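> Give me coordinates for this.
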Amino acid sequence: MKTIKGFKFIQSDMKSKNGNHIWEIGKWYKEDKIELCSKGFHACLTPQQSLNYIYGDKWFIVEARGRIIYSNEGDSEPKFVSSEMRLIKEIQKGEELKILRKYKKSLDLTKLELELKDISTKDDVIKLIKEIDKIQWFKPQKEPNRKDIKIKIKAILEAFKCEIGLEFEYHKLEKEEDWDSARASAWDSAWASAWDSAWASAWDSAWDSAWDSARDSARASARASEFELVKDKMKEKGYKVNPFKLLLNLWEDGLYPVGVLKDKKFHIYYVPLKEKI
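Prediction:
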């Protein structure tokens, strides 16, 4: 019988968060009736996708077989449900980046070029996608140069037409709770509801691409490319440059700009260098 590989989170007591199912590594489980988001054993095809469904603190590689129903290809958070599933291996702390990189899905640029057909900005779109895909997220470093960052933030805010001051704060990403705080702050960003939708779009796609340090860049690239594909509309709204190209300056520096929070300050996260003992 054909099997497929998947990824899913479960709770520390080996129970599924939804329902009362108790898991045991290596043991096959079967469900007669399955329905997406309702009945059966759910998982995602890639570890990147499974990060959208963190239903516990244990992360597993799974195998599925039998009847399988996939969510729509266009879903932003694709998953599947199967009638049979078993846990293969728990992904231990420290293995996350290795797993994410191993199963990273590459964007098919040849296919994308065909889909873009004769759009005049096609070359710009492809170039920007390649730049995003090469970024090395969260490079450990000393505290960034405040003067240099201030200049870059000013350019970014002007590009997104955000009228706001230039006060900013750095946050170190050292402990697990630091990362949790960063993600919580991200969803509380002021622009999400108050500012131009282009800024919210920029944040959404950048976060999706950067968070796990190895996420498939397709979603971020797609959003970024929208700016290239609609240059005429950009001019109508007063955008002089593609704001994503300016965000690249911070991402390439290994920084992660959460953006402006309710305190009206621009918040930036970075991974500090470990001191040698």
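> What ranges does this structure have for its strands?
4-10, 29-30, 41-43, 58-70, 80-90, 168-172, 256-260, 266-270 (DSSP state E).
> Can you add distance to residue 50, mean neighbour count and mean pLDDT and give these back as a markdown table?
For every residue, glycine as well, the C-beta is placed using N, CA and C. As requested, the strands of the chain are arranged in a markdown table below (distance: least, Cβ to Cβ, whole Å; neighbours: other Cβ atoms under 10 Å; pLDDT from 0 to 100):
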| stretch | distance to residue 50 | mean neighbour count | mean pLDDT |
| --- | --- | --- | --- |
| strand 4-10 | 4 | 20 | 94 |
| strand 29-30 | 18 | 14 | 96 |
| strand 41-43 | 7 | 25 | 95 |
| strand 58-70 | 7 | 18 | 95 |
| strand 80-90 | 11 | 19 | 96 |
| strand 168-172 | 26 | 13 | 87 |
| strand 256-260 | 21 | 25 | 78 |
| strand 266-270 | 23 | 21 | 86 |
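> for this structure, which spans come out with low pLDDT?
When residues are selected by pLDDT under 70, those of the chain lie in 73-77, 97, 105-107, 161-165, 176, 180, 183-184, 186-241, 243, 275-277.
> how is it carved up into domains?
4-101, 107-270 (automatic domain parsing).
> The first one: end-to-end distance?
What it means is domain 4-101. Length of domain 4-101, first residue to last, Cα to Cα, to the nearest Å: 19 Å.
> in this structure, which spans are helices?
Assigned by DSSP state H, the chain shows helices spanning 47-50, 96-102, 109-116, 122-133, 146-159, 176-187, 191-194, 197-210, 218-229, 231-237, 243-252.
> other SSEs contacting the first one?
It refers to helix 47-50. Counting contacts by 3 or more Cβ pairs under 8 Å, 6 or more residues apart in numbering; DSSP states H and E, helix 47-50 is packed against strand 4-10, helix 96-102.
> out of these, nearest to residue 41?
strand 4-10 (8.3 Å; Cβ to Cβ).
> which residues are contacting that closest one?
Strand 4-10 is touched from outside by 16-17, 23, 42-47, 49-50, 53-65, 68, 80, 82, 85, 87-88, 91, 103, with contacts defined as Cβ atoms under 8 Å, 6 or more residues apart in numbering.
> Ramachandran coordinates for residue 119?
In terms of degrees, to the nearest 10, the main-chain angles of residue 119 are phi -60, psi 130.
> What's the separation between it and residue 70?
30 Å (Cβ to Cβ, to the nearest Å).
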